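Peer 1: Need coordinates for the following:
(one chain, ligands or ions: 2)
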Amino acid sequence: MTTRLHCSCTHRSLLKNVALEDGLPAAACPDCGAVLLNMDDWRRWRSRAPELSAAHVSTVTDTAADHGRARACPACTRLMERLPVDAAEAFRVDRCGPCQLVWLDPCEWQALVQRGLALQLDTLLSDGGQRRLQAERLQATRMQALRQRHGDTCVDEVLRIRRWLAEQPHRDELLALLQAPEAAASSQRN
Ligand SMILES: [Zn+2]
Ligand SMILES: [Zn+2]
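Peer 2: Ligands and ions are numbered 1, 2, ... in the order given. As a prediction, the model looks like this:
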């Protein structure tokens, strides 16, 4: 990133060049700590198959608090998209698609590293990745509704039977038996 860009925080500070990792340049705001990452820089860094160790960030817990509002892109001033990077939507990153710039809140990079997501950033932010996250969220919501309606014990039992059925070689026959009328099911015993 060669152009001189300013942060979108109240200080409007000039961003300073930093290294997020060995060979991964970024620009950080000296006042609020937010980090601007160029996805082209990320891709160059990623193509060298970097090894990330989560050891040095083991103290980071949930410090990646979501700031909750969209930022303007520092390069083109368009409002950036706020994209979730995990199914639980624990946090989102702001991205300007046309400029290929991503804003990370302070500690967000470390949180991505810790969750094993830093090397998948491109995939997670892609249309396919976002669709997959949305499907996972929908599935989690449905499961939660089922648990509320039927209770954990019941749902866990159904899931256990489901796993067991999946391992059976003749599961279609077993499923048919399960759904057969009472009389038909008991007559098969004799
Ligand atoms: Zn700032
Ligand atoms: Zn932009």
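Peer 1: what number of residues lie near G97?
Peer 2: For G97, the count of nearby residues is 13 (other CB atoms under 10 Å). To be clear about C-beta, it is placed using only N, CA and C from the backbone, and glycine gets the same treatment.
Peer 1: wait, doesn't it sit right on E81?
Peer 2: Yes - if you go by CB atoms under 8 Å, G97 and E81 touch, sitting 6.9 Å apart.
Peer 1: Return every residue with contacts to both of those two.
Peer 2: With contacts taken as CB atoms under 8 Å, 6 or more residues apart in numbering, G97 and E81 have no neighbour in common.
Peer 1: Need the pLDDT of the residue most central in space within the chain.
Peer 2: Geometric centre of the chain, nearest residue: D86, 1.8 Å, by CA atoms, centre = their mean. On the pLDDT scale, D86 is placed at 84.
Peer 1: Equivalent analysis for the one 5 residues further on, please.
Peer 2: Among the per-residue scores, F91 shows a pLDDT of 78.
Peer 1: Would you mark the buried spots in the longest helix along the chain?
Peer 2: Criterion DSSP state H: the longest helix present in the chain is helix 127-150. Residues of helix 127-150 classed as buried by neighbour count (16 or more other CB atoms under 10 Å): 129-130, 133.
Peer 1: can you confirm V18 is in a helix?
Peer 2: No - applying DSSP: H, G, I helix; E, B strand; the rest coil, one finds V18 to be strand, outside a helix.
Peer 1: That one reaches A28, doesn't it?
Peer 2: Yes - using CB under 8 Å, V18 is in contact with A28, at 4.5 Å.
Peer 1: The two: who's more crowded?
Peer 2: Legend: neighbour count by other CB under 10 Å for V18 and A28, higher for A28 (22 against 13).
Peer 1: So that one versus C7, what's the distance?
Peer 2: Note on A28: its distance to C7, by CB to CB, to the nearest Å, is 9 Å.
Peer 1: Show me where the chain has its strands.
Peer 2: Secondary structure of the chain (DSSP state E): strands located at 16-21, 24-28, 35-38, 81-84, 92-96, 101-104.
Peer 1: Quick one: residues contacting the closest residue to W109 other than its chain neighbours.
Peer 2: Excluding the flanking residues, the one nearest W109 by CB to CB, 6 or more residues apart in numbering is L20, at 5.3 Å. L20 is in contact with 26, 35, 37, 109, counting by CB under 8 Å, 6+ apart.
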